[in-house]
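3D, please:
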Amino acid sequence: MGKKLMIIMSLITFGSQAQQEVYIRGGLLSSSLTFSPSKMLNRNESNYYLTGFLQGRLDKHLSFRGETHFRVGGSAENPYFKLCGRTFFGLQYGVNKGNLDTYVGFMPGFTVAQINRTSADSGEPPVKLVPSFSANIGTTYYIWKFFNVFANVTYIHSTARGLENGYGRSDELMFSAGLGFNINAVKSSN
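Numbers count the residues shown, from 1 in each chain. A predicted model of the protein is given here:
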């Protein structure tokens, strides 16, 4: 009896997976807002960001993505950043298997940063607009037509110029994971 029940359950599970709707296609819009810890690569410091993204699929493999990171805290007593916001736009290429998407993306962008002064100068440090670049790799699983779960690692490169001590590199490695929301904006051709 136990073997028959296991065989029936296996067939039902296999059959339901084989018939599951695939949500990854052109016209799929995805977004999320999540908390992202990061590690600065040029300093012994960690930062915490509020990260949001909006992604639109051009086809099954290629998507256009925009993301913003706003620093909300960090581990250092006297942090490198007094203020930091980063915005990027670019393309991602994904390899899909069913509703699982593994991707890599490259995005140019900019950082708006105010760097804490290292000297005793009492003046307010200037806010700088710094060209930046990010590269990310991650995976997304589309649970249902309206929800997905994702995990993403992003490398961010920024160098502020014209500072008191010359220049300031602020490269970071950031981790994001969470629940995403999606909707197919284009009707399926099936």
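
mind listing the strands for this protein?
28-40, 46-57, 62-74, 81-97, 100-115, 127-144, 147-163, 166-169, 172-184 (DSSP state E).

Out of the ones you listed, which is closest to Glu21?
Taking Cβ to Cβ, strand 127-144 is the member of the strands of the chain nearest to Glu21, at 8.9 Å. In short, each C-beta sits where N, CA and C put it, glycine included.

mind showing which ranges of this structure have poor pLDDT?
Low-confidence regions of the chain, defined by pLDDT under 70, span residues 1-19, 117-122, 162-167, 188-190.

Tell me which of the strands of the chain lies nearest to Gln20.
strand 127-144 (9.9 Å).

Restricting to C-alpha, output that closest one in PDB.
The C-alpha atoms that make up strand 127-144 are tabulated as PDB, following Å, rounded to 0.1, in the frame of the first residue of the first chain:
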ATOM      1  CA  VAL A 127      27.900  66.500  -2.200                       C
ATOM      2  CA  LYS A 128      29.500  64.800  -5.200                       C
ATOM      3  CA  LEU A 129      28.000  63.300  -8.300                       C
ATOM      4  CA  VAL A 130      30.300  60.400  -9.200                       C
ATOM      5  CA  PRO A 131      30.100  58.200 -12.300                       C
ATOM      6  CA  SER A 132      29.700  54.500 -11.200                       C
ATOM      7  CA  PHE A 133      29.400  51.000 -12.600                       C
ATOM      8  CA  SER A 134      27.900  47.900 -11.300                       C
ATOM      9  CA  ALA A 135      28.000  44.200 -12.300                       C
ATOM     10  CA  ASN A 136      25.600  41.700 -10.800                       C
ATOM     11  CA  ILE A 137      25.000  38.000 -10.800                       C
ATOM     12  CA  GLY A 138      22.000  36.300  -9.300                       C
ATOM     13  CA  THR A 139      19.000  34.000  -9.500                       C
ATOM     14  CA  THR A 140      15.300  34.500  -9.500                       C
ATOM     15  CA  TYR A 141      12.600  31.800  -9.100                       C
ATOM     16  CA  TYR A 142       9.100  32.900 -10.300                       C
ATOM     17  CA  ILE A 143       6.800  31.200  -7.700                       C
ATOM     18  CA  TRP A 144       3.500  32.400  -9.300                       C
END
